[in-house]
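> Sequence and predicted structure below; questions after.
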Amino acid sequence: MTIRTSEFYKLFVLGFIILSLTAVFISCGGGEEETTDSSAPNGSSLTDEERAALFGSSEDTESSNTTAANTPQTNNASTQTSPTNSPAPTATPNPIVTSNDQAARILWAKLTECISVDVQDVKVDIALDNEWIAMPSASSPQEFGTWKIDSYGNINPHNKTGRDWNKFIDSACESDDVKLAATDVLNKTDAISVLWSQLSKCNPELNISYLESEKDQINGSWVVRTTVNSNDDYGVWNVDRDASVTPLNARADEVWKSLSILLVSGDDKTDELGRPIPHQLPDNTNTSTNDSQNNDSVNSTAISKCSPVIRTNTEAQNRVYGHLSSCYPNASISSVIWDAGLHYWIIVTNENESSSTWNVDRDGTVTPANSSAETTNDLADSGQC
C-alpha cells in the first residue's frame, strides 16, 4: 500500500511537472507570436521601437533635405510673382542730347535719308533749357528749314520750309513739297548771277558788274539792285535761296513783264501802230520764277522771243535814221541822250530846215516827241515823200 501510494505520488508529481512545463511553453510561444504579429505586420521581426532606432535618423535626414530643396523653389515662386502684386517703378530716361553738336547730328541723320549734306551744313543754337534750334549753315548746299530738337532727341519742324521737308522725308523722298535745287544761292555773287541770267536774255547789254546785292537778314534772301554806274535802272529784286526771283518795286515789275513780250503770230493782237501787244504773265508768276513747273516754259518761250532790243546810243540813233530815211535820206542826228528815269532814248534830228525830237524805247519803238516830229512821222509813214 505504501509502495503503491509512493509510486502514485511520484507519477502525479511527474505529470504535474510535465503539465506545468507544457503550459509554460505554450504560454511563452503564443505571446511571441502575438507580439510579432502586432509589431511587424509586414513579416519583419523588428518592433516599431527597433525600426525607429535604426532608420529614424536616415528618414529625418531625407526629410530635412527635401524641405531644404523645396525652400528655394518657394522663394523663387514668391519672387517671380511679387512684380504682379506691386507696380514696377517708372524709369526716367536719360537725356541723349546735351550739346549743339549732338543736336546737329540728330537733324543731319534725318536729312541724309533724302539728301547728301555734311554735319557742318547744320547750324545749331540753344533756344531754351533742353531745347535747340537747327537750321542750314551759311555754306549749306540746301535750304531745309528750321527745326526744334529737345534733349531726348525728339525733332520737329519749326517753320514752313521745315514742315515741307518733314513731309518730303516722311514720303520716302517722293512728295512734291520740296523742290531740290541743283545749286542754292549761298552768297552775293550767286544772287547777282541768278538775276543777271534772267535779265540778260532780253537785255544783253547789261553788264553783270552793274548789279549789286545785299543779304536780307530778316528772311535770309538776297536783295539785288542796279548800281549808279548803270545807264539804266532795272529795279530792285529779291532772290531767294532756291534761286526764285521776285520784283520788289514798280520798275522791277515793269522789267519783269517785258520779259514776256512775244513776237506777233497769226492770232496775236497789235496796237494802233501795229506793234505786238505784250503777253502779260499771270499774276502769280510776278512773284517767282519757280512758282510752278509751267512758269519755266513760259519764261523760256517769252525770253527766247524777246522783241528787238536797243542796247546802245548808236543803235538808238540808227533806229531813228532807219525810220526817216525813206523820206529824209539826208536827215542828221544832232543829239542822243539816254533818260534813265523814263527808260528810253531822246534823239534830236535835223530834216531839211526843221528839227524833230524822238523817243526810242528799248524794244525799238520810235515815237514822235514834238509837233515837228509828228509832221515828219506822218509823212514818213504815208510813204508820200
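Yep, that arrived. Because the structure is a prediction, the values reported are computed rather than measured.
> When you work out contacts or count neighbours from here on, use the C-alpha atoms and nothing else.
OK.
> If you count neighbours, what's buried in stretch 121-135?
The neighbour-count check on stretch 121-135 (16 or more other CA atoms under 10 Å) flags D121, V122, K123, V124, D125, E131, W132, I133, A134, M135 as buried.
> do the same with stretch 104-122
Residues of stretch 104-122 classed as buried: A104, R105, I106, L107, W108, L111, C114, V119, Q120, D121, V122 (neighbour count, 16+ other CA under 10 Å).
> Flag whichever of those scores worst on pLDDT.
Lowest-confidence member of those: C114, scoring 84 (pLDDT).
> OK, contacts around S171?
Applying CA atoms under 8 Å, 6 or more residues apart in numbering to S171 gives no contacts.
> and which of the buried residues of stretch 104-122 is nearest H158?
The closest of these to H158 turns out to be L107 (CA to CA; 12.2 Å).
> Which helix or strand lies directly C-terminal to the host helix or strand of that closest one?
Assigned by DSSP states H and E, L107 falls within helix 100-111. Tracing the chain past helix 100-111, the next element assigned as helix or strand by DSSP H and E is strand 122-128.
> partners of the helix or strand immediately after that next one in the chain, with directions?
Note on strand 122-128: by DSSP H and E, the next helix or strand toward the C-terminus is strand 131-136. Take DSSP bridges as the rule and strand 131-136 pairs in its sheet with strand 122-128 (antiparallel), strand 147-150 (antiparallel).
> T367 and V360 touch, don't they?
Yes. Judged on CA atoms under 8 Å, T367 makes contact with V360 at a distance of 6.4 Å.
> Looking at those two, which has the bigger crowd around it?
Neighbour totals were compared for T367 and V360, and V360 leads with 24 against 16 (other CA atoms under 10 Å).
> how many neighbours does N377 have?
19.
> Kindly report the same for I17.
Neighbours of I17 (other CA under 10 Å): 12.
> cool, and S258?
Residues contacting S258 under the criterion other CA under 10 Å number 21.
> mind pulling up the phi and psi values for it?
phi -70, psi -20 (degrees, to the nearest 10).
> now P157
When read as degrees, to the nearest 10, the backbone of P157 gives phi -60, psi 150.
> Excluding chain neighbours, what is closest to it?
Using CA to CA, 6 or more residues apart in numbering and skipping residues adjacent in sequence, the residue nearest P157 is W147, 4.3 Å away.
> what stretches of the stretch 1-150 of the chain score poorly on pLDDT?
Scanning the stretch 1-150 of the chain for pLDDT under 70 picks out the ranges 1-6, 27-93.
> could you pull out the helices for the stretch 101-250 of the chain?
160-170, 188-199, 250-258 (DSSP state H, counting those that start in this stretch).
> could I get those helices as CSV with mean pLDDT?
Formatted as CSV, the helices of the stretch 101-250 of the chain follow (pLDDT from 0 to 100):
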stretch, mean pLDDT
helix 160-170, 90
helix 188-199, 89
helix 250-258, 84
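> Turn these into TSV, including distance to Y321.
What follows is the helices of the stretch 101-250 of the chain, written out as TSV (distance: least, CA to CA, whole Å):
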stretch	distance to Y321
helix 160-170	55
helix 188-199	28
helix 250-258	25
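> I'd like to know which of those helices lies nearest to Y152.
With CA to CA as the yardstick, what comes closest out of the helices of the stretch 101-250 of the chain is helix 160-170 (18.7 Å).
> Mind exporting the C-alpha coordinates of that closest one to CSV?
Taking C-alpha atoms only, helix 160-170 is exported to CSV below (Å, rounded to 0.1, in the frame of the first residue of the first chain):
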residue,chain,number,x,y,z
LYS,A,160,7.0,126.2,-93.2
THR,A,161,10.2,125.1,-95.0
GLY,A,162,11.0,122.6,-92.3
ARG,A,163,7.4,121.2,-92.4
ASP,A,164,7.7,120.8,-96.2
TRP,A,165,11.0,118.9,-95.7
ASN,A,166,9.4,116.8,-93.0
LYS,A,167,6.7,115.7,-95.4
PHE,A,168,9.3,115.1,-98.1
ILE,A,169,11.3,112.8,-95.9
ASP,A,170,8.3,111.0,-94.5
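> in that helix, what's buried?
In helix 160-170, counting by 16+ other CA under 10 Å, buried: T161, G162, R163, D164, W165, N166, K167, F168, I169.
> Which secondary structure elements does it sit against?
Applying 3 or more CA pairs under 8 Å, 6 or more residues apart in numbering; DSSP states H and E, we find helix 160-170 packed against no helix or strand.
> per the record, what domains does the chain have?
100-170, 188-304, 313-382 (automatic domain parsing).
> distance between the ends of the first one?
Using CA to CA, to the nearest Å, the gap from the first to the last residue of domain 100-170 comes to 25 Å.
> before we move on, the earlier item: could the domains of the chain go into CSV alongside distance to L11?
Supplementary listing: those in CSV, determined by distance: least, CA to CA, whole Å:
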stretch, distance to L11
domain 100-170, 123
domain 188-304, 151
domain 313-382, 181
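> Enumerate every residue touching S372.
Contacts for S372 (CA under 8 Å, 6+ apart) come out as S354, S355, S356, T357.
> ok, now with 10 Å
E351, S354, S355, S356, T357, W358 (CA atoms under 10 Å, 6 or more residues apart in numbering).
> if I've got this straight, it is in a helix?
Yes. Assessed with DSSP: H, G, I helix; E, B strand; the rest coil, S372 lies in a helix.
> quick one: it and N229, what's the gap?
Distance from S372 to N229, counting by CA to CA: 34 Å.
> ok, now V223?
Separation of V223 from N229 (CA to CA): 18 Å.
> which of those two has more neighbours?
Higher neighbour count among V223 and N229: V223, with 22 against 10, using other CA under 10 Å.
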